[in-house]
Structures are given as structure tokens and as C-alpha cells.
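Student: need a structure here:
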Amino acid sequence: MNALALGAFLLVVGGPGLLAVSAAPRLPWLDRLLLALPVGLAAFPAVVLALRALHLPLDVRLLAAIGAAAAILAAGFFRGARAEPSPPPRRRGFALGAALVAAALAGTMYHGATRYPWLEDDDPWQHAAAARYVALHGRTAQPPGEARASIVLEPYPPYYAALMGVLHQANPDLEDVLKFFNALVVGISVLAAFFAFEAMSGSAAAALAAAALLAVCPAYMSHFIWAQTLAVPCFLAAAWALAGGSAAGGARSAGFWLTAALVWASTVVQPSSAAASGLLLALAAAVVGLVSRARREPAPWRPLAAVAAAGAASLATWGLLSRAQLQAYATTPGVFRGGAGADTSGGLVYGFLDVVLANRFDKIDQGTGLGWATAALAAAGVAATILAARPSARATLRPWALVLVAWTAVALVGIEGNALPLKLFPHRFWVYLAIPAAALAAEGARACTAWLREGRARFAAAAALVVAAFATNVGPRLWLQDTAWPPGSAWSDMQHAAGYAHVAAVLPRWTRVLTLCFRDEFLVGLDLAAEPWDPALAPLRARLATASGEEVIGFARARRYQYLLVDAACVDRLGRDGARALVDRLRGTGQVELALDDPGALLVRVAGVGQAAPLPVAAP
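Tutor: Residues are numbered from 1 along each chain as shown. Okay, here's the model as predicted:
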């Protein structure tokens, strides 16, 4: 069924992306097609907000129709514009090579994510509940009276959950939707990096080398399912627009507003990424503006103006949240303290070797370390950039080389936040260190071979250095991404998680199951129908120790639950004797029968409840 969902993804994301790319300076057709995906991901938040303003549902059919219309409009714009000469075959080969790297990374991430029959850690289960809610109800904002379905629905930025929920409407296997499309977005981020690096360096070969090094950098993205996965390609798409000069035409040009829109998108997808992206892109625009002004180039501050316009729009977007919503966001357990927006750095202060070496034993949400060869080449790139900044060489200095050095410095300070008086999500700055480090490593390979006079020898030597750096990181990178990750800290033990996986394996998908003591998002993440947004669940669980069997059975029947699940969480909450008494009260009604007796979960069938209904498509 992922074929249908993949087609929906290409329409929902690629259609608006093609239309947005038509606003950029003329591009070869291959670049337009490849850029449509990362730019379309950045356009998705705007589409979600537009549908909400128009009181239209998040319906995959509606979004696919919008995407198809956008693609048709884009085709008309492209035909009407003066054709851009096709790049030489070698340049097309580099672009296709970047697409292959992106596909290989996506495949690696998907393979790693499917090595176990659960979602990993804690955040992905929340995203599963949020995506399920969007798929069923076609909205990201819950009405008054419902329980909080997930901490990653509003007032948390809901765009990642919205994307997964819409795709879930095209594929009933939610677990696979999350794993497949999360991995695909990771791959697309590397594709965006190639175009950003090419715009920064002016070399497609260097951009391909940097993209390949980024793909195997341990500090870059993992297959962890969270909103940062969407934020990073948005950031790189914005960097591409800024570095490619899309904003140079000023406020009257479409490229200026495309740049502003992409920068805005990078600041609204996820809280920690919003802060990092906004800071780094504003710094880039300022550095480019200063260099352009020193060279007396016309309109040096237009990129900074585009970033400022994006910042104003970003503040307005965040400001759309009411005071009450913001207060709820700040006080909800887990949002800033141990949850979707929290600082997960654990107070670590990283040493020199933590930065330079590739660590196999690492955190699953965000790896650390650059790899010694990549770090050495990046250091050479920094040195070459600083030497190029001498007065005698400034005429040939590329402003974006300075930007990469500045980004590296900021990211190093960012990851060391626990050693400083102020910090901003230190652990999550690693991805923003990996990006400039990969680009500087490619520059370093060129700088280390610049002494060779013959062009082919110079290219071969630089390629050999890149391949060596790539090879030193492949092992640690694959090891971490292909290792079975644990299902999170909420489970009592692995036997508990295995019991739930067993239940999911023996029941048809989206069978209605009521877990009496545990959290509903863990059932949703295993493709079982639970409703964490039901406000009646919490009161039932609060009186579970004294509730009669008839009351529990009546509750289940009223909500069409086919099965009741008693697990280790009941032992934790009620004690062993209390959990046994609960089971006895249920059996004493004569209205349940044992369906599965697993060491991690006891499943009983509720008599008289029909089969589970198929997943409905969101209705207006």
C-alpha cells in the first residue's frame, strides 16, 4: 500500500514544490524536478495553514488535487519562460549522483527502522497518536472537551504530524507510514543539501562530495521519528535559496518572496529547530551582506531583508496561538521537560574526541561526532577559508565559505551549551554542526590538492580524500542506524513491549483494544485502534481499583472495544494483588473470554462487540 501513499506524497509535496520552484531563477528541468521535493516539504506548512484558514479538512484527496493543480500551473510557467540551457552531462551526472545518495540513505534508514516491530523511544509514539488523529478527523486542533491526543498536536507545531496523518489516509499501516516516509524525508534532506552546497561552492563536484559525507556523518540525522526530520530539509531549502541568489531581485521579485517563504518554513516546524534555523540563516544573510557591501556590490542587504520578512511572518505564525494555548503549551508535562520540545542533552559537556571521533554507542534521536577524517578535512577547509580572507586574496573569497565557518563556530558553541551560562537545546545542535562540517570537508579536500597542477590529477586526489573520509564513517553510521533500538522508557521492561507486539501480531489491523492501565498511543503506534483523545478514559482508569467488572465491560461495549488488555502497567499501578483482582472481576461477569495470555500482556475478548471498522478518510 505504500505505492499509493508514495503517489499521494509526490502530489501533495511535489506539486506545490514544482510551483514554488518556478519562482526561482531559471533552472534546468532536472533541478526543478529534484528540488520540487525539499521545496515542497517546506511549502507544506503554508498549505496546512491555508486549509485551516479556509475551514477545509486535511484530506489526502483534496491535497492531492491541489498538488496536481499546482504541478499543471508550474508546467505552464516553465513552458512560458525562456528555456534554460541544459547543463553538461557531467553536471547532470553529479545531480543524479546526489539523488542516488539520497535514495541510499533513505533505504538505509528504512531498513534500520523496520528491524523491530515497534516504534522506538518515546516521541514516535506521540507522533503516531497525532497522525492517527489527523487521519481520522482531518484537523490538527482539538475541540474543547477532548483529552489531549498527543503532545505534538496544537499548540505544538503540527505540520509533521499533519503530513504523516494525510499519508496515513492513503495507507492504513500507520507504523509503516511513519517509518517509510520519515526515512524518505531524511533522504530528501541530503538532496536539498546538494543543491545548497552547490550554490555555496559553485561546484557540483564539491557539492556531491559534501552531500555524500553528510549522508554518513554520525552527527547527522537518524531514522528517529520526530518533527526535526521535516525541519532540516526546510532549513537546507532555505539555505539553497539564499546562497543561490533568489533574493537578489528585491521585494518585487518572486525569488525574494520564495526565499522568505522557505526561511519562514524552517522556523515554524519544530521549536528547537526554529531557533537554530533562524539564528543560522540570519547570520548567513548578515555575513553575505557585509562581504557584498565591502565589495561595493549593489543591494547587499536584500538577503537579510528576505530573512527579516520571514522572521516577521514567523513571529506572526507563532503569535496566532492564543494566550491560553501558549500557557497550556508551556505547562504541559513533557513538552519542554522531557518531551517533544525538551532539552535532551542530559547535561553532557562534549570533549574534543566527542567531536572528532565517530561514536558507535550513541543516542538514537541525534548521533554525535564527525569522524576523524571528515573532521580533519573540515579543519583544512576552515584554514583555507581563513587564508582566503587575507586582504590580498579577498577578491576571490566566496562569502558562503565564511558563512560555513561562522555556522561551524556557532554550532560548536551550541553543542557545548551545558558548559555555558546560557544554552539552547545543546544536543540538537549536532545536526547543524554536521551540515557545515560536511561542506567544509569537501572544501578541505580541494584545498589539500590545490598544489597539483594537472586538473585530472587534482580531481582524482580530492576524490580519493573524500572517499577515504566516507569510508571511515560508513561503519559507525551503519552500525547505529541498523541496530535494534528500544521501544522507550515508559515500558516496564522489554517483556512488556514484546507482549504488546504479540497482541498487534495476532489481531487484525485497527482492531479496537482498550488498555486499562497503559497509554493509548502505544496501541496506536502498533496499528491498533485506541482513542487517547477520549475524555472518559482518564476517569475510568482513576477508579479502576474499585470499578466493578460490569462497569468496565459496559464502558468497553459503549465504545465498541472488542478487547481489553491488562498488562504490567496494571501491576505497577494497582499492585500484583490488585491487578489479579481486576482480572477476576472481569472474568466474574461471564462476558469476557481469554484471547491471549502473554507474559507481557493479558488480552480478553469482550462478548457481543462486532468487528473493527476500516480506517475512514477524513470527512469535511
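
Student: how is the chain carved up into domains?
Tutor: With automatic domain parsing as the criterion, the domains of the chain are listed as 2-82+89-342, 494-606.

Student: could you identify which of those domains is most buried?
Tutor: domain 2-82+89-342 (a mean of 21; mean count of other C-beta atoms under 10 Å). Heads up, the C-betas are built off the backbone N, CA and C, glycines and all.

Student: which stretches of the stretch 351-500 of the chain have low pLDDT?
Tutor: Along the stretch 351-500 of the chain, segments meeting pLDDT under 70 span 360-362, 392-396.

Student: and the strands in it, which stretches?
Tutor: With strands called from DSSP state E, counting those that start in this stretch, the stretch 351-500 of the chain shows none.

Student: what of the stretch 501-620 of the chain?
Tutor: Using DSSP E, counting those that start in this stretch, the strands of the stretch 501-620 of the chain run over residues 513-515, 563-567, 592-598, 601-606.

Student: confidence score at residue 285?
Tutor: Here the pLDDT value assigned to residue 285 is 96.

Student: same question, residue 300
Tutor: In this model, residue 300 is scored at 86, pLDDT.

Student: wait, it sits on residue 287?
Tutor: No - applying C-beta atoms under 8 Å, one finds residue 300 not in contact with residue 287, separated by 10.9 Å.

Student: elements contacting the one helix or strand residue 92 maps to?
Tutor: Following DSSP states H and E, one finds residue 92 within helix 89-113. If you count contacts as 3 or more C-beta pairs under 8 Å, 6 or more residues apart in numbering; DSSP states H and E, helix 89-113 packs onto helix 29-53, helix 174-201, helix 204-215, helix 455-481.

Student: Throw those helices into TSV and include distance to residue 131, thanks.
Tutor: Formatted as TSV, the helices and strands packed on helix 89-113 follow (distance: least, C-beta to C-beta, whole Å):
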stretch	distance to residue 131
helix 29-53	13
helix 174-201	6
helix 204-215	26
helix 455-481	22
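
Student: so which of the ones you listed comes closest to residue 499?
Tutor: helix 174-201 (16.7 Å; C-beta to C-beta).

Student: average pLDDT for that closest one?
Tutor: On average, helix 174-201 scores 97.

Student: from the chain's centre, how far out does that helix sit?
Tutor: Centre-to-centre, helix 174-201 and its host chain are 9 Å apart (C-alpha atoms, centre = their mean, to the nearest Å).

Student: hey, what's the angle from that helix to helix 89-113? Just curious.
Tutor: 150 degrees (axes from the mean of the first three to the mean of the last three C-alpha atoms, to 10 degrees).

Student: picking up where we left off before, what does the average pLDDT come to for the helix holding residue 92?
Tutor: 95.

Student: before we move on, what about stretch 253-266?
Tutor: Here the average pLDDT along stretch 253-266 is 95.

Student: the residue nearest to residue 528 when sequence neighbours are not counted and residue 556, how far apart?
Tutor: Among residues not flanking residue 528 along the chain, residue 513 sits closest, at 4.8 Å (C-beta to C-beta, 6 or more residues apart in numbering). For residue 513, the distance to residue 556 equals 10 Å [C-beta to C-beta, to the nearest Å].

Student: now do the shared contacts for these two.
Tutor: Residues touching both residue 513 and residue 556 (C-beta atoms under 8 Å, 6 or more residues apart in numbering): residue 564.

Student: per-residue confidence at the closest residue to residue 526 other than its chain neighbours?
Tutor: Spatial nearest neighbour of residue 526, chain neighbours left out: residue 504 (3.8 Å); criterion: C-beta to C-beta, 6+ apart. pLDDT recorded at residue 504 is 96.

Student: burial of residue 372, as a residue count?
Tutor: Residue 372 is flanked by 15 other residues according to other C-beta atoms under 10 Å.

Student: before we move on, what about the one 10 residues further on?
Tutor: Close neighbours of residue 382, defined as other C-beta under 10 Å, add up to 21.

Student: my guess is it contacts residue 441, does it?
Tutor: No - using C-beta under 8 Å, residue 382 makes no contact with residue 441, being 10.0 Å away.

Student: isn't the residue nearest to residue 528 up against residue 529?
Tutor: Yes - the pair residue 513 / residue 529 is scored as a contact, 6.8 Å apart, by C-beta under 8 Å.

Student: need the residues touching each of those two.
Tutor: residue 523.

Student: where does residue 155 land in three-state SS?
Tutor: Per DSSP: H, G, I helix; E, B strand; the rest coil, the local secondary structure of residue 155 is coil.

Student: contacts only, for the residue nearest to residue 526.
Tutor: Contacts of residue 504 by C-beta under 8 Å, 6+ apart are 117, 526, 527, 528.

Student: and for residue 398?
Tutor: 200, 201, 202, 388.

Student: what about 10 Å?
Tutor: Residues near residue 398 by C-beta atoms under 10 Å, 6 or more residues apart in numbering: 200, 201, 202, 243, 288, 291, 385, 388, 404, 443.

Student: of all those residues, which comes closest to residue 267?
Tutor: residue 243 (17.6 Å).
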